[in-house]
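task: produce atomic coordinates for the following.
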Amino acid sequence: MAVDKQVVQHCKSRTDMSGTTAVIALLDGELLVIGNVGDSRAVMGDLKGSTIPLSFDHKPNQLKERRRIKEAGGFITFSGVWRVAGILATSRALGDFPLKEPRKLVTAEPDVLTFSLRDHKAHFVILATDGLWDVFSNEEAVAYIRDHIHESDFGAKSLCMSAYYRGSQDNITVAILNIDKLGL
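Residues are numbered from 1 along each chain as shown. Predicted structure coming up:
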C-alpha cells in the first residue's frame, strides 16, 4: 500500500492516469509467499507434472470485487470484458488514481498466499503479466516451461516471444523461479 501511495503521488504530479498490476514471490526457507494486485499471475509447475495456481486475478465481475466497487459508489460495465466504471479491466491496481480518488473504486490491497514447497514438491514458478495469460492457459504455460527449463533464462524469453506470436495485445513480462535448482 505504501508503494501505491508513492505511485499515485508520482502520477498525480505528472497528470499520468496510468497504473499497473503486480505479482511477487518471496522465498523464506521452504515457504513461498505470493502477493498479487490485479491480473498479473503466479503459477507453479510441480515435480509430479501438475499445474498449481498460486494467485487469482482481480476482475470486476467477481462477487467480492463487484460488491466492494458498488459499496464505494461505483459500477461495472461489459464492453468485451468487464470494466470498473467502464474504464479498467481489473479491480485492483497500483496507480490508476482517478479510480481511487475521491472514491476507492480500485484498490491496491494485495492478496497474499503462502505455500509450503515441501508439500507441493515445486519444480518452478511462473510470474507473468496478463499479456501472457491472455493467450496462454496456466496449463499451457507450465507445459511450455517444462520443455524449455533448460534454457539460460529457464524459458522466460521464449515464452514471452510465443505469447507475442500468438497475438497478445498487452504487455508481456515473464519471470521463472526455478525452485528445483535451489534443492529444497
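
give the contact list for the most centrally placed residue in the chain.
The residue lying closest to the centre of the chain (Cα atoms, centre = their mean) is residue 40, at 1.5 Å. Counting by Cβ atoms under 8 Å, 6 or more residues apart in numbering, residue 40 makes contact with 21, 22, 23, 55, 127, 128, 129, 130. In this view, the C-beta of every residue, glycine as well, is placed from N, C-alpha and C.

inside strands: which ones of those?
22, 23, 127, 128 (DSSP state E).

and the residues you listed as CSV, adding distance to residue 121?
As requested, those are exported to CSV (distance: Cβ to Cβ, whole Å):
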residue, distance to residue 121
22, 27
23, 22
127, 19
128, 22
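
of those residues, grab the buried ones for PyMOL.
Selection of buried members from those for PyMOL, criterion 16 or more other Cβ atoms under 10 Å:
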select buried, resi 22+23+127+128
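
farthest-separated two in the ones in strands among the contacts of residue 40?
22 and 128 (11.6 Å; Cβ to Cβ).

so where is the chain shaky, pLDDT-wise?
183-184 (pLDDT under 70).

can you show me the helices along it?
Along the chain, counting by DSSP state H, helices occupy 2-13, 63-71, 117-120, 130-133, 138-148, 156-165.

give me the contacts around the fifth one.
Surrounding helix 138-148, the residues in contact under the criterion Cβ under 8 Å, 6+ apart are 41, 43-45, 49, 51, 53, 123-124, 126, 128, 132-133, 136, 154-155, 158-159, 162, 176.

show me how far it is from its chain's centre.
Relative to the centre of its chain, helix 138-148 is centred 17 Å away, using Cα atoms, centre = their mean, to the nearest Å.

and it, what's buried?
Buried residues in helix 138-148 (16+ other Cβ under 10 Å): 138, 140, 141, 142, 144, 145, 148.

before we move on, back to that, of the contacts of helix 138-148, buried ones?
Buried, going by 16+ other Cβ under 10 Å: 41, 43-45, 51, 123-124, 126, 128, 132-133, 136, 154-155, 158-159, 162, 176, out of the contacts of helix 138-148.

so who does the closest residue in space to residue 42 that isn't next to it in sequence touch?
Among residues not flanking residue 42 along the chain, residue 54 sits closest, at 3.9 Å (Cβ to Cβ, 6 or more residues apart in numbering). Counting by Cβ under 8 Å, 6+ apart, residue 54 touches 25, 32, 34, 41, 42, 43, 44, 113, 115, 125.

and stretch 21-39, what's buried?
21, 22, 23, 24, 25, 32, 34, 35, 36, 37, 38, 39.
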